[in-house]
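Student: okay, sequence plus prediction incoming.
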There are 4 protein chains.
Amino acid sequence: MATSAQQFGSDNYAGICPEALAAMTRANDGSCVSYGDDEWTALAADAFRTLFESDCEVFFVFNGTAANSLALAALCQSFHSVICASAAHVETDECGAPEFFSNGSKLLVAPPGSSKLTPDMIRTLATGRADIHFPKPRVVTITQPTETGQVYSLDEIEAIAAVCRELGLKLHMDGARFAHACATLGCSPAEMTWKAGVDVLCFGGTKNGMAVGEAVIFFDRALAADFDYRCKQAGQLASKMRFLSAPWIGLLESGAWLSNARHGNACATRLAGAIAGISGVELLFPVQANAVFIHAPEPLLDDLRRRGWRFYTFIGGGARFMFAWDADPERVEELAADIADAARLMSTAAA
Amino acid sequence: MATSAQQFGSDNYAGICPEALAAMTRANDGSCVSYGDDEWTALAADAFRTLFESDCEVFFVFNGTAANSLALAALCQSFHSVICASAAHVETDECGAPEFFSNGSKLLVAPPGSSKLTPDMIRTLATGRADIHFPKPRVVTITQPTETGQVYSLDEIEAIAAVCRELGLKLHMDGARFAHACATLGCSPAEMTWKAGVDVLCFGGTKNGMAVGEAVIFFDRALAADFDYRCKQAGQLASKMRFLSAPWIGLLESGAWLSNARHGNACATRLAGAIAGISGVELLFPVQANAVFIHAPEPLLDDLRRRGWRFYTFIGGGARFMFAWDADPERVEELAADIADAARLMSTAAA
Amino acid sequence: MATSAQQFGSDNYAGICPEALAAMTRANDGSCVSYGDDEWTALAADAFRTLFESDCEVFFVFNGTAANSLALAALCQSFHSVICASAAHVETDECGAPEFFSNGSKLLVAPPGSSKLTPDMIRTLATGRADIHFPKPRVVTITQPTETGQVYSLDEIEAIAAVCRELGLKLHMDGARFAHACATLGCSPAEMTWKAGVDVLCFGGTKNGMAVGEAVIFFDRALAADFDYRCKQAGQLASKMRFLSAPWIGLLESGAWLSNARHGNACATRLAGAIAGISGVELLFPVQANAVFIHAPEPLLDDLRRRGWRFYTFIGGGARFMFAWDADPERVEELAADIADAARLMSTAAA
Amino acid sequence: MATSAQQFGSDNYAGICPEALAAMTRANDGSCVSYGDDEWTALAADAFRTLFESDCEVFFVFNGTAANSLALAALCQSFHSVICASAAHVETDECGAPEFFSNGSKLLVAPPGSSKLTPDMIRTLATGRADIHFPKPRVVTITQPTETGQVYSLDEIEAIAAVCRELGLKLHMDGARFAHACATLGCSPAEMTWKAGVDVLCFGGTKNGMAVGEAVIFFDRALAADFDYRCKQAGQLASKMRFLSAPWIGLLESGAWLSNARHGNACATRLAGAIAGISGVELLFPVQANAVFIHAPEPLLDDLRRRGWRFYTFIGGGARFMFAWDADPERVEELAADIADAARLMSTAAA
């Protein structure tokens, strides 16, 4: 199959990074017990414990939808509710998976346009109703970085955790691009999670360079009770588990988890810098991770499409570009140049 | 990590076969759209259509538990029931996954000791109750080959399909080791499925040499309506789908799907032959695929364990050995020799 | 227990109306087969068929939450979605029951402040997303009259039904106070349902004068397939069914279903008329059924509470009064007088 | 509707007993707050606390299927399992409700023919598997009296509770006919429940003389956390709750709960005594409550049917007769006489 030019429509377009692939290949040597009783899986879990400076419980599942939904289901009963931002992936892009895995937990969604939750939003949603005719708030979930590429500061996370504790809520972090937030903040994984008050983290492997796989990490071990059964029943226990766990060893031990993220972030910053000041093109959100959302006139976006670019679009004229571990800086420059050129042509045509 | 000697406790102990790995590596070249809209996935689905001589609907999911449960959930409402053998994996080893995915469909289990279903068992289970106080039978599931290594003949499948049609039941085949049954019967995949009356097949990739992944194949396309949504909601849609689909191309185009299975079957036959006639050791089931179940005194099994062998055991003194694509014939001989030696020592001690 | 003065906080505060009680008592005479195989239940279902001039399928369940949720679950798979108004009871007051019964169907809620759905809202919600990462729209539910006491005209229902047909959606009507809407419009039950394009109706018995019980009515009989199993599994099959069905005979044959509703509506109209023009008190919604929602300053509401009135309140200063079959017109006048007096005192105090 | 002659096919054929009806009528006087915040409901809960000499948590739901399923769902996660007898109503007659309410908890059923569980059966089922591929045992449920009319002695319950405690299992009692067991044992409700180690009881109201309604009683209050939300979400919160709760006051305060049960038991004993020694008719089970199961040749049962009797039958020639609070002793004698006569005719014909 002919390789086509690199696209930045999603950071899922990237393949397996060398460190993950090497670990996968290394793990492929010989016979190995199944269902996670193997040494690779034990080593990978230990690597996470080292990374997080915590005796946390670690589980490996297939994808982010399952990771988030299983973690939330472990924290909720069916009549509980989960507080999230309006842009939260659990609300917008998981096809009702949280409701399915929990058998009915409702998402209490902050007002439209909220990509980050704030303590005030949480308080309003959590205290708006206190009768049995409405699901009882039980968990707050935040996405770090958010779906639109912003990063919660440590202070922001701590403030959210404080209101959670006050209101008896657990705090879940959807870290589909967790590494990118670490790269942005320059803090340790521990600082961004349990030290700030996070109870459960879903750490994304796929967008970090793996073929498949996410880690669910419980800092409060009591919350992980029987979580292995939950994974099994929900079709999330890999028989050849080593292929889900070993790549983590490759990523974590080599430091690729962080360098991959830094590279994606740098490419986003590069694009944002290169298109700054272009007339008619505006950033929709501050660029703090590996995503660039631009607002541009529809004809300009059409021109980009004609030039062969693929990207997600949004009502009102937005386009998203995301940069993975494999983003080619020259290709980023090509994209920037095409945006500039398309904008120039448009303004010429308008004149 | 030091490679330890090969074990035959499970065919999940094997790694990725060369053909699947090569396809995975080839698919890793460059950027590729996600969530199954890629060319690898289209090609893999087409390869199945060619293999099955059918314009079937094909979906790729992560593991066998999910494949079976999603397929059954697509056929059932929560108040329906699924007829299965007592040894069926859906009953014995999926931790309630069929009930979970379907939100409550009950398994109607044939009497203990039934590794194969028969038309009579199906009729009895399907017609025993016809009131709304008991779940309404809706699907029959058979495992081909069975969990204990027997193969339904084409005649047997056709007879089951006939009773299904008569009683208004759908027929699902759990083909975790589908290829092994094809190898045994020497028939085409089409003959063993839709031509014999099977509505939906779960075709196992993991036990056939892949790292991860199963295919769900609907021969009756109407039954596949919205199955893509079902997979997504249930956490079974891979973002980097090419790594679940491309290996199938490697397996199917090279013929490895069948040669891998033949090799596993041959190793089982070899072990069965080598231990035939050993005093105190008996086959629990006819060897028709890649599994050998033996009955032996507990001290003999203990001796095998001391010699380093790993195997699953069963109440009453059974041991299971399973052979994957990578089974080393010399190692099979070592196992046979150890069984013979242990039996000899035991009979000497007894004398 | 001392009877306290009548309150208008809810139309659930009323007891059993004479016609329903008489039927219940009559049905209590002697031995009777159970689980709905009795003559009372057959007669009650026939009474509905006569009322609706339709060979509809009729089921009797315990309450409105279950009626709505079971009906929606019959129309949806877990990955489907249900379009509703922001004030819809299924969204605001059923504690996630629709999600629970359907195992995860998501509610797509019209913008805040929508007590009635419009074809445009439906089109926007139904066509906003068409990818498998978001639940697939499958049903529209409207409440007739709405939770805030407005009535959809026949034209409005027909227009909604037309957009449903165009978009492949089913139309469900939550008729917790169905009779009140009939009374308002002066149309036949048939005109307001299947003749206008409604597929399934939940007809409220409790608010119509019964002790307990609602009817689920499928005008499209195909949609009712196996609904009896669904009710049983969900804990909604009464063993002594006659006590859920016979009261309907009392209500329908006597015409009390309609006269009860007319009485409630008339009381609401009377209150609305009596308080019209009172300074500082405004109707929040047009009064078209048996509810009156007023906006008034918090001190005025406090004064009413001190005078012994119970009512539901809403953020921003709203109070709800609802009138059942037993509403005492003199007591309605007392309420009106108290509102007027409280308002007068307030304006005096302010002056 | 013409009243037909009394039948003993089920104790659900009986109507509302005078004490329950009087309480219901009394509660119908005037306006009353809804959803269980009323005084009748508070009084009924207190009446249970008095009866059980315990500060237990009490909830009122619509039927037995829901009561059992909700109680079990409160004790289980979806990947847990529930140990029950083969004759348990939850297994045989609730259409998968326990699986539905719990989102997949599996029932681990004792061997066929087990109408009572024993500590050995529980131990075997609870310890047979201890891997994550099979649901984790979490609850034991016993029916008191059993579905076939036997009563667990206090010693038997205590022995079961002891093994539950040892194995970390909760103990649930399905008391659809709880009062009948109290009548048989002559013990207090407290002795038969929490004093013997029962954690949760479902106390049947319908079979005890009510129109509709069961009570779920948590002796361990911690297990009742948020159970009110669970009921609401599952469609089991009555809006006019007084009609579910007040009848209990009538039953409990008058002692009718016990005298009703004694009457049913006495009628069963009377029938059993009257048919003892009839050739060809044998009791299938000891008569210890209000049920009589007989084994008789099919022609004899046919003869009874021709004489107008209705009864449930079982494979192999069994017939069930059950006696409610309203059983007419003369009618019981008629039944006994008809059985004797039919048997006489049969033996004459055979001779």
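Tutor: Cool, got the structure.
Student: now the stretch 51-200 of chain A against chain B: closest residue?
Tutor: residue A:66 (3.0 Å; Cβ to the nearest Cβ). For glycine as for every other residue, the C-beta is placed from the backbone atoms N, C-alpha and C.
Student: how many neighbours does that residue have?
Tutor: Look at residue A:66: counted by other Cβ atoms under 10 Å in any protein chain shown, it has 26 neighbours.
Student: and the pLDDT for it?
Tutor: We note a pLDDT of 98 for residue A:66 in this prediction.
Student: and what of residue A:321?
Tutor: 98.
Student: do the one helix or strand it maps to and chain B meet at all?
Tutor: Using DSSP states H and E, residue A:321 sits in strand A:318-322. No: Strand A:318-322 is not in contact with chain B by Cβ under 8 Å from any Cβ of the partner chain; minimum separation 10.8 Å.
Student: I'd like the next helix or strand past that strand.
Tutor: helix A:329-350.
Student: for that following helix, packing partners?
Tutor: helix A:256-275, helix A:298-306 (3 or more Cβ pairs under 8 Å, 6 or more residues apart in numbering or on different chains; DSSP states H and E).
Student: can I get those in JSON lines with distance to residue D:292?
Tutor: Below are the helices and strands packed on helix A:329-350 laid out as JSON lines (distance: least, Cβ to Cβ, whole Å):
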{"stretch": "helix A:256-275", "distance to residue D:292": "71"}
{"stretch": "helix A:298-306", "distance to residue D:292": "80"}
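Student: any idea how far the residue in the stretch 101-250 of chain A that chain C sits nearest to lies from chain D?
Tutor: Going by Cβ to the nearest Cβ, chain C is nearest to residue A:104 of the stretch 101-250 of chain A, at 3.5 Å. Going from residue A:104 to chain D by Cβ to the nearest Cβ, to the nearest Å gives 7 Å.
Student: residue A:14 now?
Tutor: On the measure of Cβ to the nearest Cβ, residue A:14 and chain D end up 33 Å apart.
Student: give me whichever of the helices and strands packed on helix A:329-350 is most buried.
Tutor: helix A:256-275 (a mean of 21; mean count of other Cβ atoms under 10 Å in any protein chain shown).
Student: which bits of the stretch 1-150 of chain A sit near chain C?
Tutor: Counting by Cβ under 8 Å from any Cβ, the stretch 1-150 of chain A sits next to chain C at A:78-79, A:81, A:92-97, A:99-100, A:103-106, A:132-135.
Student: tell me which helix or strand residue A:98 sits in.
Tutor: helix A:97-102.
Student: that should have said residue A:137, apologies.
Tutor: Here residue A:137 is assigned to strand A:136-143, by DSSP H and E.
Student: returning to that earlier point: closest to residue C:320 out of the helices and strands packed on helix A:329-350?
Tutor: Residue C:320 lies closest, by Cβ to Cβ, to one member of these: helix A:298-306, at 45.8 Å.
Student: near chain B at all, the closest one?
Tutor: No: judged by Cβ under 8 Å from any Cβ, helix A:298-306 makes no contact with chain B; its nearest approach is 14.4 Å.
Student: go on, stretch A:32-39?
Tutor: Yes: Stretch A:32-39 lies within reach of chain B by Cβ under 8 Å from any Cβ, at A:32-35, A:39.
Student: of these, which ones also sit close to chain D?
Tutor: Okay, of these touching chain D (Cβ under 8 Å from any Cβ), that's residue A:35.
Student: got the residues of stretch A:32-39 next to chain B as a markdown table, with pLDDT, distance to residue B:340 and neighbour count columns?
Tutor: Shown next, in a markdown table, are those (pLDDT from 0 to 100; distance: Cβ to Cβ, whole Å; neighbours: other Cβ atoms under 10 Å in any protein chain shown):
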| residue | pLDDT | distance to residue B:340 | neighbour count |
| --- | --- | --- | --- |
| A:32 | 94 | 27 | 26 |
| A:33 | 95 | 26 | 18 |
| A:34 | 95 | 28 | 21 |
| A:35 | 96 | 31 | 18 |
| A:39 | 96 | 31 | 16 |
